[in-house]
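Visitor: My questions concern the predicted model and sequence given below.
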Amino acid sequence: DTGVSQNPRHKITKRGQNVTFRCDPISEHNRLYWYRQTLGQGPEFLTYFQNEAQLEKSRLLSDRFSAERPKGSFSTLEIQRTEQGDSAMYLCASSLVGGYGYTFGSGTRLTVV
Amino acid sequence: AQTVTQSQPEMSVQEAETVTLSCTYDTSESDYYLFWYKQPPSRQMILVIRQEAYKQQNATENRFSVNFQKAAKSFSLKISDSQLGDAAMYFCAYRSVLRFGAGTRLTVKP
C-alpha cells in the first residue's frame, strides 16, 4: 500500500465547469476525510465518511459540492458550476475508526480561471 | 463547537536552538486527541506528535515534545536542536474529526 492517493494532482478549469477529484485511501482504513486548504491557511474540514456512510458535512460544503464513497473504498468529490473562490488545494485523508493518526494524500490543486 | 487557535503566524529559530510553537483550543469534550502536523512547502501533511487528553504525561518524539495543559486548553510544541529540515508550516489540530489551526510558519536559520 503506497498511502493515500489523490488524482489529479492539478486541475485548471474554467468558471462554471464541473470538476471531479478522486481519493484512494489506505485500503484498511474505514474513515475518509476531505479538507480544503487555501494559501496561507490551515485545512478546513469539508466532510468525512465511515465506510460508505457520509457522517458529517461542514457548512462550507455548499449545494455545489457533493462527495461519495459508494463502496467504502475510494471517494470522489465533485464541484459543480465552479467559481473562482473554489480555487484551493483539496486534501484527502484516511484513518481507522478510533485511530489516532490521519494519513494525508498530496492533494489536488484546483485553479478556476 | 471546537476551535483551534495558533497565535503565531511566523516563528524563526537558529539552527540547533529550541523553539516553542503555541496552540490553544476550545472544546466541551473531556476525551479527545491533539496533534501537531508538519507541512513542508508543496508536500503532504505529516504527523509530528500526538497527545491523548486523558494522559497527564506530555508526549515526546525524539526532538519534539509537547506541553499539554488540559485545564488551560493549551498544547504547545517544543522543537529542540532545530534542524534545517524542520522548516515548514506547523498545524495544531484537535479531533475527533481533525480541525486545524491557521498554522505557524517556521523558518530555521543556518
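Guide: Thanks, I have the structure now.
Visitor: Up against chain B, what does chain A have?
Guide: Within reach of chain B by C-beta under 8 Å from any C-beta of the partner chain, chain A has these residues: A:33, A:35, A:40-45, A:48, A:56, A:91, A:93, A:100-102, A:104-107. All C-beta atoms are positioned from the backbone trio N, CA, C, and that covers glycine.
Visitor: repeat that for 6 Å
Guide: Contact residues (C-beta under 6 Å from any C-beta of the partner chain) of chain A with chain B: A:41-43, A:45, A:48, A:100-102, A:104, A:106.
Visitor: Return the members of those classed as buried.
Guide: A:41-43, A:45, A:48, A:102, A:104, A:106 (16 or more other C-beta atoms under 10 Å in any protein chain shown).
Visitor: From chain A, how far out is B:Glu17?
Guide: Distance from B:Glu17 to chain A, counting by C-beta to the nearest C-beta, to the nearest Å: 25 Å.
Visitor: Quick check, pLDDT for the most centrally placed residue in chain B.
Guide: In chain B, the centroid-proximal residue (C-alpha atoms, centre = their mean) is B:Trp36; its distance is 3.6 Å. On pLDDT, B:Trp36 comes in at 96.
Visitor: Now do the same contact list for it.
Guide: Neighbour list for B:Trp36: B:48-49, B:77, B:92 [criterion: C-beta atoms under 6 Å, 6 or more residues apart in numbering or on different chains].
Visitor: Among those residues, pick out the one closest to chain A, please.
Guide: Distance ranking of these against chain A, using C-beta to the nearest C-beta, places B:Cys92 first at 8.6 Å.
Visitor: Is the closest one in contact with B:Ala102, as I believe?
Guide: No - at 9.3 Å, B:Cys92 and B:Ala102 do not qualify as touching, with contact defined as C-beta atoms under 6 Å.
Visitor: intersection of neighbour lists for those two?
Guide: With C-beta under 6 Å, 6+ apart as the test, B:Cys92 and B:Ala102 both reach B:Gln6.
Visitor: the more surrounded of the two?
Guide: Neighbour count, other C-beta atoms under 10 Å in any protein chain shown: between B:Cys92 and B:Ala102, B:Cys92 has more, with 27 against 16.
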